[in-house]
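*Asks:* give me the fold of what follows.
(one chain, ligands or ions: 2)
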Amino acid sequence: MVDQEDHPEDYGKIEGGPSGDRQPLLRIQNVTKAFDEFVAVDNVELDIYEGELFCLLGGSGCGKTTLLRMLAGFETPTSGKILIDGKDMSGVPPYERPTNMMFQNYALFPHMNVAKNIAFGLEQDGLPRSEIKERTNDILRLVELQGYENRRPQQLSGGQRQRVALARALVKEPKILLLDEPLGALDKKLREQTQFELMNIQDKVGVTFVVVTHDQEEAMILSTRISVMDRGRLVQTGSPTEIYEFPKSRMVANFIGSANIFEGSVIGELEHGFKIETIIGEFTLKNTPITIRNKAIFIGIRPEKIFLSKEPDLAPGSNNAEGTIYDIGYLGNTSRYKIRLEQDLIIDVTAPNQTRPQNKTHEFMWDDKVYINWEPSSAMVFYE
Ligand SMILES: Nc1ncnc2c1ncn2[C@@H]1O[C@H](COP(=O)(O)OP(=O)(O)OP(=O)(O)O)[C@@H](O)[C@H]1O
Ligand SMILES: [Mg+2]
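*Replies:* Ligands and ions are numbered 1, 2, ... in the order given. So this is what the prediction gives:
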């Protein structure tokens, strides 16, 4: 087994990713897009590799669609360069790029049936009839829409329409498929099912996908790597594990999941870690390097990494704090607890409900006195 503990920066690196020696398929070099005074995309630098399912994740208005449109050639960067397969895309129109874009609203032709919608781009390119038919049939099979050829878009369900849009974008065999909120129009259950279909299809065709989403769970499930975007900038890029377990800032930690965050300072060094002082007490921190000392640091602990117990954990080096259960949210599979500490701070804790409660009462109830504790290597450190 690879010892990942001492090298958190290597955690979850993917094959062929930045650590591999392959050339990137898509290279975004210092790309900025300003609309008059307003900077929508701010100095973005990013390499994406062949076969990746890459997610651009960020809140509404952070510049995701604008960046995607520049990759497709529908928008020109104010400055910076986009290279695909080493070729500069400046001045190359959308139809001459090895990209295809699947729009947020699918933009299907309402008066054409499914087969015609899919074949449209190939007909525009003047391909022979037999080839168009063969490629359309292949792609219909891939998205499992055989038998629906003659339906119009309005005679399909949301999920089926989504698959037609995907088929139409894939049939032209782009090197890079750009998908803007591909599952945005679907309800939660269908969305989850479609996420797996999308991954399967990507795996089968081997096309590089760049997916825009504002849904962090979706990004985590789908991607080989994620870039988190905030106000036009890429604030962190990494595998889902890296982004979730080693977020670089409080903003990223709170955008992907949630975290209990306290200000702290280093008060001592240990063999594999540090002694930290925070408002809720002194703690040990392990396997997380602290590189900046002259600045306030922040300690973050994810709710699921905190354990609740009736007694303190007395093992040497363990981190405990005492509090009272102030609120419980029972979700069936898990429960969310809010623990009020002596210092009047509220800590969020999530715990799986692994056993069925006896007599319909749970182990922890409102106003119970409890201890919270966590592993020294579970705490995250931030400088901003
Ligand atoms: N053509 C334009 N002219 C002026 N401003 C624009 C234009 N297109 C986008 N913007 C602005 O740029 C910012 C980024 O827009 P963009 O559509 O890229 O956001 P987004 O991240 O895709 O958001 P959403 O998740 O809501 O789709 C927004 O503030 C938007 O108002
Ligand atoms: Mg958008």
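*Asks:* check which element follows the longest helix seen in the chain along the chain.
*Replies:* Scanning the chain for the longest helix, with DSSP state H as the assignment, gives helix 188-205. Counting by DSSP states H and E, the next helix or strand C-terminal to helix 188-205 is strand 208-213.
*Asks:* now do that following strand: which elements does it pack against?
*Replies:* Judged by 3 or more C-beta pairs under 8 Å, 6 or more residues apart in numbering; DSSP states H and E, the packing partners of strand 208-213 are strand 53-58, helix 64-72, strand 176-180, helix 216-222. The C-beta positions use only the backbone N, C-alpha and C, and glycine is treated the same way.
*Asks:* rerun that using 10 Å as the cut-off
*Replies:* Applying 3 or more C-beta pairs under 10 Å, 6 or more residues apart in numbering; DSSP states H and E, we find strand 208-213 packed against strand 38-48, strand 53-58, helix 64-72, strand 99-102, strand 176-180, helix 188-205, helix 216-222, strand 225-230.
*Asks:* anything in that strand near ligand 1?
*Replies:* No - Strand 208-213 lies out of reach of ligand 1 by C-beta under 6 Å from any ligand atom, never closer than 6.5 Å.
*Asks:* most centrally placed residue in this protein?
*Replies:* When C-alpha atoms, centre = their mean is applied to the chain, the residue found nearest the centroid is Ala219 (3.0 Å).
*Asks:* these two touch, right, that residue and Val211?
*Replies:* Yes - Ala219 is within contact range of Val211, at 7.8 Å (criterion: C-beta atoms under 10 Å).
*Asks:* any common contacting residues for these two?
*Replies:* Counting by C-beta atoms under 10 Å, 6 or more residues apart in numbering, the contacts common to Ala219 and Val211 are 54-57, 226.
*Asks:* farthest pair in those?
*Replies:* Using C-beta to C-beta, the shared contacts of Ala219 and Val211 span at most 10.1 Å, a distance reached by Phe54 and Leu57.
*Asks:* between those two, which is the more surrounded one?
*Replies:* Leu57 (26 against 23; other C-beta atoms under 10 Å).
*Asks:* can you pull up the bridge partners for the more buried one?
*Replies:* Here Leu57 sits in beta bridges with Thr213, Val228, going by DSSP bridges.
*Asks:* next up, the contacts around it.
*Replies:* By C-beta under 10 Å, 6+ apart, the residues touching Leu57 are 64, 211-216, 218-220, 223, 226-230, 236, 243, 252, 255-256.
*Asks:* coming back round to it: so what does the longest helix of the chain touch, helix or strand wise?
*Replies:* Going by 3+ C-beta pairs under 10 Å, 6+ apart, helix 188-205 lies up against strand 53-58, helix 129-142, helix 158-170, strand 176-180, strand 208-213, helix 216-222.
*Asks:* hmm, try it at 7 Å
*Replies:* Here helix 188-205 touches helix 158-170, helix 216-222, going by 3 or more C-beta pairs under 7 Å, 6 or more residues apart in numbering; DSSP states H and E.
*Asks:* from those helices, which stretch is densest packed?
*Replies:* Using mean count of other C-beta atoms under 10 Å, the stretch among those with the largest mean neighbour count is helix 158-170, at a mean of 22.
*Asks:* and it, average pLDDT?
*Replies:* When pLDDT is averaged along helix 158-170, the result is 92.
*Asks:* please save the CA atoms from that helix in PDB.
*Replies:* Extracted C-alpha coordinates of helix 158-170, given in PDB (Å, rounded to 0.1, in the frame of the first residue of the first chain):
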ATOM      1  CA  GLY A 158     -36.700  15.000 -19.400                       C
ATOM      2  CA  GLY A 159     -34.200  12.200 -19.100                       C
ATOM      3  CA  GLN A 160     -34.800  11.000 -22.600                       C
ATOM      4  CA  ARG A 161     -34.400  14.500 -24.000                       C
ATOM      5  CA  GLN A 162     -31.100  14.800 -22.100                       C
ATOM      6  CA  ARG A 163     -29.900  11.600 -23.800                       C
ATOM      7  CA  VAL A 164     -30.900  12.900 -27.300                       C
ATOM      8  CA  ALA A 165     -28.900  16.100 -26.600                       C
ATOM      9  CA  LEU A 166     -25.900  14.000 -25.500                       C
ATOM     10  CA  ALA A 167     -26.300  11.700 -28.600                       C
ATOM     11  CA  ARG A 168     -26.400  14.700 -30.900                       C
ATOM     12  CA  ALA A 169     -23.300  16.100 -29.400                       C
ATOM     13  CA  LEU A 170     -21.400  12.800 -29.500                       C
END
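*Asks:* who touches stretch 245-261?
*Replies:* Stretch 245-261 is contacted from outside by 8, 11, 216, 228, 230, 235-236, 243-244, 298-303, 347-348, 380, 382, 384, using C-beta atoms under 7 Å, 6 or more residues apart in numbering.
*Asks:* quick check, that stretch touching ligand 1?
*Replies:* No - Stretch 245-261 does not reach ligand 1 (C-beta under 6 Å from any ligand atom); its nearest approach is 13.2 Å.
*Asks:* can you tell me the distance between the two ends of that stretch?
*Replies:* In stretch 245-261, first residue to last residue: 14 Å (C-alpha to C-alpha, to the nearest Å).
*Asks:* what about Thr350, helix or strand, and which?
*Replies:* If you go by DSSP H and E, Thr350 is part of strand 346-352.
*Asks:* what angle do whichever helix or strand comes after that strand and strand 346-352 make?
*Replies:* Sequence-wise, the next helix or strand downstream of strand 346-352 (DSSP H and E) is strand 369-374. Relative orientation of strand 369-374 versus strand 346-352 (axes from the mean of the first three to the mean of the last three C-alpha atoms, to 10 degrees): 80 degrees.
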